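Visitor: compute the structure for the input listed below.
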Amino acid sequence: MTLLKSKEFLVGLGMICLLWWACGEKQETVIAEVNGAKITLEDLYAEIPEYYQDSVTFEQKSQFVERWINSEVLYQEALRRGLQRDAFLREKILAAEKNILIAELIQRELQDRVQVTDEEAHQYYQDHLDDFTRKADEVRASQILVPTLEEAQKIRREIEAGGSFAQFAREYSVDPSAEQDGDLGYIAQQDVLQEVAKMAFSLSPGALSQPVKTEFGYHLITVTDVKKKGTVRSFELVQDEINGQFYAQKELEQLELFLEELRDNSSISKNLEILRTTSSVEESTSISPAGERL
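Guide: Purely as a prediction, here's the structure:
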């Protein structure tokens, strides 16, 4: 389980933000321009999920704009040199375009075909309780990860004085779990870094750890629940996992049906016998359609 990743990936995403003038007319706000190519505020916010918007800082937005500028000047130089007309690159571009269109077609076609019901998921849970039985002791832990010892000590003092662990996790933690108030869910010792596991499994529920140093920074850890080996995870804890398994299975089934429909309505011819008589592309070019060597 990967628990410790920087939130820097947020700056590489874009999102949509609608701005209105007093008259009510929708406007585009340009925030950078390179030789006439523009990036707008709407572009910047185009792809970041709405629930991340409040956590993206000015510095992260600025870094994104700088990366866009770097990308744009490189792209424009590639066009200036005529790389888009290179035959080899055209093949690669067309192959990439083909794969993007295929992926989008599949996504659009299957999104309405594949449904997983609560009844299916619950029945699967009841029939496979052994699969959801804990094989080791687990604790439900939360953490705040910050870069320096000073930050960790300051946050710890404020929590001890009555501050909210969840609020500090959202505001200061650089771990992805910050989006869930620092909650890591139920973890076994082998699921996390050794230093974090040692501290988490030594805490009583409700206790707050001293700062724990790892290669990623300093962790403050608290435990809210303990589950022993042999207990069964609740349906609510594993429902998403079950839904995912069902969805993947149904998606594959529906994709096979969709492919069958398309193949039935397509004119398809094959010449597989040539695969038995040739061992290379060069050799195949010297064989006539009838199978005779030229």
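
Visitor: going forward, measure contacts between C-alpha atoms and count neighbours the same way
Guide: OK.

Visitor: model confidence at the nearest residue to residue 147 once chain neighbours are set aside, what's the number?
Guide: Nearest residue to residue 147 in three dimensions, chain neighbours excluded: residue 217, at 4.6 Å (Cα to Cα, 6 or more residues apart in numbering). Note for residue 217: predicted pLDDT of 94.

Visitor: residues in contact with residue 217?
Guide: The contact partners of residue 217, by Cα atoms under 8 Å, 6 or more residues apart in numbering, come to 145, 146, 147, 148, 149.

Visitor: in contact with the fourth one, which residues?
Guide: Going back to what we said before, that points to residue 148. With Cα under 8 Å, 6+ apart, residue 148 has these contacts: 217, 218.

Visitor: just residue 55 next, same as before
Guide: Residue 55 touches residue 171, counting by Cα under 8 Å, 6+ apart.

Visitor: ok, now how distant is it from residue 266?
Guide: Distance of residue 55 to residue 266, given as Cα to Cα, to the nearest Å: 50 Å.

Visitor: list the buried residues in the host helix or strand of residue 99.
Guide: Residue 99 belongs to helix 87-110 when assigned by DSSP states H and E. Using 16 or more other Cα atoms under 10 Å as the test for burial, helix 87-110 gives residue 110.

Visitor: report all helices and strands that that helix contacts.
Guide: If you count contacts as 3 or more Cα pairs under 8 Å, 6 or more residues apart in numbering; DSSP states H and E, helix 87-110 packs onto helix 235-264.

Visitor: counting by contacts, list what the helix it packs on packs against.
Guide: helix 87-110, helix 118-127.

Visitor: ok, then the element right after that helix?
Guide: helix 274-277.

Visitor: now that next one - C-alpha only, CSV.
Guide: What follows is helix 274-277 as a C-alpha-only set of coordinates in CSV (Å, rounded to 0.1, in the frame of the first residue of the first chain):
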residue,chain,number,x,y,z
ILE,A,274,0.9,-17.2,-44.8
LEU,A,275,2.0,-17.3,-41.2
ARG,A,276,2.9,-20.9,-41.6
THR,A,277,5.1,-20.3,-44.6
